[in-house]
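A.B. asks: Okay, structure incoming, though there's no sequence with it:
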């Protein structure tokens, strides 16, 4: 099946990163898989990603979690986009964490710069700034705290709950995006 839309959740593979703030994109991809996925996650070496086919109403989708690390997300995304001959400006949706959004806030943007996000920087290198992304706010680090250490650490129980609430809203937001209601 050729997907009409590839939805790529950004994160880092491996158990040590699983519960970090920076893996919010993977959490959102897992939530979409629960809601719209068909079958199980499959590792596809040709994409350097775990993927799952799915459907939103009648629209065929492919949900992907790159197995490259965050700063090389564009490599995996490019392999998928090239394989299916897709237009990254309309047929790709990126799910990612964002330190510039309030904790638990979500925002869909049709295009834009990467800010400080290394996963988005990698994607911008490959596709330019013209691709949609659904950003999930993880809040920002305390003054003076190292950004990398902060995003790669686990949220507090209260922060995790707000992130979960935002992730739980992702299927409806993505459905609206797919159906053209956004």
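C.D. replies: Happy to help now that I have it. Bear in mind that the values here come from a model prediction, so they are computed numbers and not experimental data. Numbers count the residues shown, from 1 in each chain.
A.B. asks: hey, which helix is longest across this structure?
C.D. replies: Counting residues, the longest helix found in the chain (DSSP state H) is helix 157-179.
A.B. asks: For that one, which helices and strands make contact with it?
C.D. replies: helix 24-36, strand 49-56, strand 59-66, strand 92-98, strand 106-109, strand 133-137 (3 or more CB pairs under 8 Å, 6 or more residues apart in numbering; DSSP states H and E). Where C-beta positions appear, they are placed from N, C-alpha and C, glycine not excepted.
A.B. asks: show me the contacts for residue 124.
C.D. replies: 74, 113-114 (CB atoms under 8 Å, 6 or more residues apart in numbering).
A.B. asks: Buried residues of stretch 96-108, list them for me.
C.D. replies: For stretch 96-108, burial by neighbour count (16 or more other CB atoms under 10 Å) applies to 96-99, 101, 103-104, 106.
A.B. asks: Turn those residues into a markdown table, including pLDDT and distance to residue 52.
C.D. replies: Shown next, in a markdown table, are the buried residues of stretch 96-108 (pLDDT from 0 to 100; distance: CB to CB, whole Å):
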| residue | pLDDT | distance to residue 52 |
| --- | --- | --- |
| 96 | 96 | 18 |
| 97 | 95 | 21 |
| 98 | 92 | 24 |
| 99 | 91 | 28 |
| 101 | 91 | 26 |
| 103 | 94 | 28 |
| 104 | 95 | 25 |
| 106 | 97 | 22 |
